[in-house]
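Colleague: Mind looking at a prediction? Sequence and model below.
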Amino acid sequence: MLHAIGSKKELTELEYYVYVADILENELVQGLKNYRHHISTNRFQHCVNVSYYNYLICRFFHLDAASAARAGLLHDLYYYDTKTYRKVRRRSSEAIQSHNAHHPNVALNNACALFAVNAVEEDIITKHMWPLTKARPQYKEGYVIVVVDKYCAALEVLAPKMRMAMQKLRRLKKQAA
Ligand SMILES: [Fe+2]
Ligand SMILES: [Fe+2]
């Protein structure tokens with residue numbers, strides 16, 4: 001089963017899957033499941049969420065949906081703990097790049113080592129943290145991920161809290177009945 005947050009669609013049965021199957025089935029990409037991301041999810045699921053919504057929006061606007069889907073899966077392809085990186089950086093006396101500036105380049109290097117990455121995908125991956133980083137996206141698809149990445153992060157953080165609130169509401173309703 002492969003779903004994006006907020007969607008009940010089985011992604012392996014959609015045209016979307018044709019564009020990203022090689023990435024999703026890669027063992028190293030699957031390894032992202034071992035990294036917690038945005039408190040309640042893992043990095044693999046976050047990348048699936050971003051990839052699918054990137055794809056839908058770019059397809060709707062007749063943009064390069066395939067590159068948007070592929071780059072969405074690859075945009076956070078890094079294998080370190082974000083909190084640890086930030087802690088080490090804070091304590092270090094050396095000038096270490098911020099995580100926001102650092103991880104898109106790490107992700108691109110890892111992506112290029114595993115897959116053929118085109119110019120649109122490269123731009124999407126390296127600029128996805130804009131405007132927290134300086135360089136603006138060169139392509140429209142790059143602006144889509146800027147929004148989708150933040151939207152998915154917000155959903156991922158809020159989803160468990162909303163689930164808990166709904167459970168509490170149901171319990172209260174039962175008690176009142
Ligand atoms: Fe990121
Ligand atoms: Fe992300």
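Modeller: Ah, there it is. Ligands and ions are numbered 1, 2, ... in the order given.

Colleague: Now the most centrally placed residue in the chain: closest residue in space, sequence neighbours ignored.
Modeller: With distances taken as CA atoms, centre = their mean, residue 47 lies nearest the centre of the chain, 3.2 Å away. Of all residues not flanking residue 47 in the chain, residue 73 sits nearest, at 4.9 Å (CB to CB, 6 or more residues apart in numbering). Bear in mind the C-beta positions are built from the backbone N, C-alpha and C, glycine included.

Colleague: helix/strand/coil for the one you found?
Modeller: helix (DSSP: H, G, I helix; E, B strand; the rest coil).

Colleague: what about it, distance to residue 121?
Modeller: Distance, residue 73 to residue 121, using CB to CB, to the nearest Å: 10 Å.

Colleague: Just the buried positions in the one helix or strand residue 141 maps to, please.
Modeller: Per DSSP states H and E, residue 141 falls inside helix 140-176. Neighbour counts using 16 or more other CB atoms under 10 Å place 141-146, 148-149, 151-153, 155-156, 159 of helix 140-176 among the buried residues.

Colleague: pretty sure residue 86 is touching residue 97, no?
Modeller: No. Contact criterion CB atoms under 8 Å: residue 86 and residue 97 do not qualify, at 11.3 Å.

Colleague: quick one: the helix or strand containing residue 47 to chain centroid distance?
Modeller: Using DSSP H and E, residue 47 sits in helix 43-60. Here helix 43-60 is found 7 Å from its chain centre; the criterion is CA atoms, centre = their mean, to the nearest Å.

Colleague: repeat for stretch 10-23
Modeller: The chain centroid and the centroid of stretch 10-23 are separated by 16 Å, computed with CA atoms, centre = their mean.

Colleague: which residues are contacting it?
Modeller: Residues outside stretch 10-23 that contact it (CB atoms under 8 Å, 6 or more residues apart in numbering): 1-4, 24, 29, 48, 51-52, 55, 65-66, 69-70, 73-74, 115.

Colleague: okay, that stretch in CSV with CA atoms only?
Modeller: Taking only C-alpha atoms (Å, rounded to 0.1, in the frame of the first residue of the first chain), the coordinates of stretch 10-23 have been written out as CSV:
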residue,chain,number,x,y,z
GLU,A,10,-3.4,3.7,-4.0
LEU,A,11,-0.5,5.3,-5.7
THR,A,12,0.9,2.1,-7.3
GLU,A,13,-2.3,1.9,-9.4
LEU,A,14,-2.0,5.4,-10.9
GLU,A,15,-0.2,6.8,-13.9
TYR,A,16,1.9,8.7,-11.4
TYR,A,17,3.6,5.4,-10.4
VAL,A,18,5.0,4.9,-13.9
TYR,A,19,7.1,8.0,-13.6
VAL,A,20,8.6,7.2,-10.2
ALA,A,21,8.6,3.4,-9.8
ASP,A,22,12.4,3.1,-10.2
ILE,A,23,12.9,5.7,-7.4
